[in-house]
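> dropping the sequence and predicted coords here.
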Amino acid sequence: MQLAFILYKYFPFGGLQRDFMRIALECQRRGHQIRVYAMIWEGEVPEGFEVLIAPVKALFNHTRNERFTAWVEADLAKRPVDRVIGFNKMPGLDVYYAADPCFEDKAQTLRNPIYRRWGRYKHFAEYERAVFEPRAKTEILMISEVQQSLFVKHYGTPAERFHVLPPGIAQDRRAPSNAAVIRAEFRREFKLEGDDLLMVQIGSGFKTKGLDRSLKALDSLPQEVKRRTRLFIIGQDDPKPFQLQARNLGIFGQVTFLAGRSDVPRFLLGADLLIHPAYNENTGTVLLEALVAGLPVLVTDVCGYAHYITDADCGCVVPSPFEQQVLDQMLTQMLADDQQRAIWSRNALRYADCADLYSMPQKAADVILGASA
């Protein structure tokens, strides 16, 4: 079959983008042709992919999205395909991969009522309704059961259109047999001494991921722990506001900002803790990448995948409503207790051996290829 995948922006280090790539490659592996529509593409194009970049511009994002949709629809009218798969909400999809949370719920619970008079609201509400309203035919690939209940609440979407997927952690994230060697080499490279502690925070979108909370927590550590603790931040975002925060807190010398990169598994093996105090997060793939690498995790319970940390008993989950003092206390306890971190690490690796944390691309491809044309 000829498959058309649509997403607004592709770059190699985004969670949605990585999920798209793995699903598209799985469909290609099964013998199907891949065409991709996007407004922005950063990175290499896989062999055999036809990637089309829409020449659309606008002052406002919602206007640009509408022009992009019209451009894609015009091209599909001239060159039809068997399936249209979207990774952003929009009309005309046969299958939608629900990487984003329910827009209508956020608009009603987190925004001023005046917001719903704006053109931006009307655009995103209309595009979401096109996917989830009962009369729509779009099959929905869900990665968060919590979000499914919100879509049903606001749109009455029939249950049979939802397909809940397992996580899709890449096998290269699992701790290899020479993990200890990789860890030692990594710590030599970054000049980490024997008793130094390394926290990592990984993910694009520093504000949403709660980097401000992580910096405050690092500053709150007891002096003996704080003096030997470093924080590496990896992601695609503007670091300047957080560099300023680190300077103001007096911890700038202990914080290192790194752009998105392809060798994240080394950091997961070389670190002592993943910190991820997000304000909101549909899933949080990095939590499971840390888990399968054997790295203890400190995370807020609003993340869709936070329950895996509890299930595996491989770290701590900060409850809602969030309190900075609770995060600070948990971080201090986790960094101060080497023995407990070793136990969490063993628990994580044991859980990674028996739980299905890997088959999302295959299950997604099953739905895509079996969906009604």
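Arrived safely, thanks for sending.
> which residue sits closest to residue 266, ignoring its sequence neighbours?
residue 186 (5.2 Å; CB to CB, 6 or more residues apart in numbering). For every residue, glycine as well, the C-beta is placed using N, CA and C.
> how about that neighbour, what does it touch?
Shown in contact with residue 186 (CB atoms under 8 Å, 6 or more residues apart in numbering): 192, 266, 267, 269, 270.
> pLDDT wise, what is the first one at?
Note for residue 192: predicted pLDDT of 95.
> next: residue 372.
Taking residue 372 on its own, its pLDDT is 51.
> ok, which stretches of the stretch 101-250 of the chain are helices?
Secondary structure of the stretch 101-250 of the chain (DSSP state H, counting those that start in this stretch): helices at 103-109, 119-132, 145-155, 179-189, 211-220, 223-226, 240-249.
> point out the most buried one among these.
helix 211-220 (a mean of 22; mean count of other CB atoms under 10 Å).
> list the contacts of that helix.
The set of residues external to helix 211-220 that reach it, using CB under 8 Å, 6+ apart, is 199, 201, 226, 229, 231, 233, 242, 245-246, 249-251, 254-255, 275, 277, 322, 324, 327-328, 331-332.
> among those, the buried ones, what's the ChimeraX command?
Here is the ChimeraX selection string for the buried members of those, based on 16 or more other CB atoms under 10 Å:
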select :199,201,226,229,231,233,242,245,246,251,254,255,275,277,322,327,328,331,332
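> sort out which of the contacts of helix 211-220 are in strands and list them.
Counting by DSSP state E, the part of these found in strands is 199, 201, 229, 231, 233, 255, 275.
> test my guess that residue 171 contacts residue 361.
No: here residue 171 does not reach residue 361: they are 11.1 Å apart, not a contact under CB atoms under 8 Å.
> neighbour count: the two, which is higher?
residue 361 (21 against 8; other CB atoms under 10 Å).
> what separates the helix or strand hosting the more buried one from the chain centre, distance-wise?
Using DSSP states H and E, residue 361 falls within helix 360-370. Helix 360-370 has its C-alpha centroid displaced from the chain centroid by 19 Å (CA atoms, centre = their mean, to the nearest Å).
> alpha carbons only: can I get it in CSV?
Presented in CSV, the C-alpha positions along helix 360-370 are these (Å, rounded to 0.1, in the frame of the first residue of the first chain):
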residue,chain,number,x,y,z
MET,A,360,4.5,-0.2,20.1
PRO,A,361,5.7,0.2,16.5
GLN,A,362,4.6,-3.3,15.6
LYS,A,363,1.2,-2.9,17.3
ALA,A,364,0.7,0.5,15.7
ALA,A,365,1.5,-0.9,12.2
ASP,A,366,-1.0,-3.6,12.8
VAL,A,367,-3.8,-1.0,13.3
ILE,A,368,-2.6,1.2,10.4
LEU,A,369,-2.5,-1.6,7.9
GLY,A,370,-5.8,-3.1,9.1
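> that one packs against which elements?
helix 15-29, strand 83-86, strand 95-98, strand 139-142 (3 or more CB pairs under 8 Å, 6 or more residues apart in numbering; DSSP states H and E).
> which one of the ones you listed lies closest to residue 308?
Checking those against residue 308 by CB to CB gives helix 15-29 as the closest, at 15.1 Å.
> so that closest one versus helix 360-370, what angle?
Put simply, helix 15-29 runs at 60 degrees to helix 360-370, going by axes from the mean of the first three to the mean of the last three CA atoms, to 10 degrees.
> list the buried residues for whichever helix or strand comes after helix 15-29?
Helices and strands here follow DSSP H and E; after helix 15-29, the next one along the chain is strand 33-38. Buried residues in strand 33-38, counted by 16+ other CB under 10 Å: 34, 35, 36, 37, 38.
> which residues touch residue 279?
Per CB under 8 Å, 6+ apart, neighbours of residue 279: 207, 208, 209, 210, 300, 302.
> helix or strand for residue 5, which one?
strand 2-6.
> which elements pack onto the next helix or strand after that strand?
Remark: after strand 2-6, the chain's next helix or strand is strand 9-10, criterion DSSP H and E. Applying 3+ CB pairs under 8 Å, 6+ apart, we find strand 9-10 packed against helix 15-29, strand 33-38, strand 40-41.
> 7 Å instead?
Applying 3 or more CB pairs under 7 Å, 6 or more residues apart in numbering; DSSP states H and E, we find strand 9-10 packed against strand 40-41.
> tell me what the strand it packs on is packed against?
Packed next to strand 40-41, using 3+ CB pairs under 7 Å, 6+ apart, are strand 9-10.
> who touches the strand it packs on?
Under the criterion CB atoms under 7 Å, 6 or more residues apart in numbering, residues 17, 38, 39, 40, 41, 42, 43 lie in contact with strand 9-10.
> hmm, 10 Å instead?
The contact list for strand 9-10 (CB atoms under 10 Å, 6 or more residues apart in numbering) reads 16-18, 20-21, 36, 38-43, 45, 51, 53, 87-88.
> strand partners of it, parallel vs antiparallel please.
Using DSSP bridges, strand 9-10 pairs in its sheet with strand 40-41 (parallel).
> pretty sure residue 350 sits against residue 175.
No: counting by CB atoms under 10 Å, residue 350 sits too far from residue 175 to count as a contact (11.4 Å).
> and for those two, which residues touch both?
With CB under 10 Å, 6+ apart, residue 350 and residue 175 have common neighbours residue 294.
> and the two? which has more neighbours close in?
Shown here are residue 350 and residue 175; by other CB under 10 Å, residue 175 has more neighbours (20 against 14).
> ok, the more buried one to residue 265 distance?
Distance, residue 175 to residue 265, by CB to CB, to the nearest Å: 9 Å.
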